[in-house]
Structure formats: structure tokens, C-alpha cells
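> Okay, sequence plus prediction incoming.
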Amino acid sequence: MSRTKNVDWHNEVVKKILFVMIKKGKVRVKDVVKDAIKDSAPVSKSYTVFYWLRDNGHIQKTCIDHLAPYVVTEKGKKYFEGI
């Protein structure tokens with residue numbers, strides 16, 4: 001797969017995940033991925049993108065509990081508007 005296709009695919013999945021999270025507010029990982037795969041994103045790649053968003057500060061947990069839901073940060077909202 002070419003680098004351009006990788007970037008396009010990555011951005012598509014980022015858009016889907018951030019859209020769902022902004023729309024729903026607090027969301028658990030499995031619920032976000034379930035919504036992303038409804039739109040035909042592969043499960044493993046959806047998790048990869050989700051954790052990329054978390055590691056880059058675009059989303060964060062609401063508290064330290066293991067199953068705590070995630071929310072979109074201001075950085076994530078700006079990123080969503082930019083892509």
C-alpha cells in the first residue's frame with residue numbers, strides 16, 4: 001500500500017472515530033470501534049487509530065478506572081476540524 005493510501009485511510013478512520021466521540025460525548029473504546037467498523041473500517045486498524053489518537057493527546061480517559069470512557073480533547077476537536 002502506498003504512503004498516500006495509508007494517510008488517506010488513517011485520516012478516514014480518525015474522522016469516523018472523532019465524529020462518533022464528539023457526537024456521543026463520553027464513549028468506551030469498544031463502542032467507538034463498533035461504530036467505526038459499521039462504516040467498514042477493519043477492527044484491528046480501528047484500535048490502532050484509537051490508541052494513536054490517545055497517545056497523541058486527541059482523546060483522553062475521563063478517570064483512571066480501567067473501563068472508563070474517553071472524551072475528545074480540545075486538541076482533538078481542532079484536529080477534527082482540520083482534516
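Thanks, I have the structure now. Numbers count the residues shown, from 1 in each chain.
> So, low pLDDT: which residues of the protein?
By pLDDT under 70, the low-scoring segments of the chain are 1-7, 39-40.
> Show me the strands in it, by range?
Using DSSP state E, the strands of the chain run over residues 59-61, 70-72.
> Run through who's touching the first one.
Applying CB atoms under 8 Å, 6 or more residues apart in numbering, the external contacts of strand 59-61 come out as 18, 21, 50, 53-54, 68-73, 76. For glycine as for every other residue, the C-beta is placed from the backbone atoms N, C-alpha and C.
> List the ones among these that fall in helices.
The helices, defined by DSSP state H, take in 18, 21, 50, 53-54, 76 from the contacts of strand 59-61.
> that older thread, only the buried members of the contacts of strand 59-61: can you turn that into a PyMOL selection?
Applying 16 or more other CB atoms under 10 Å to the contacts of strand 59-61, the buried members can be selected in PyMOL as follows:
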select buried, resi 18+21+50+53+54+69+70+71+72+73+76
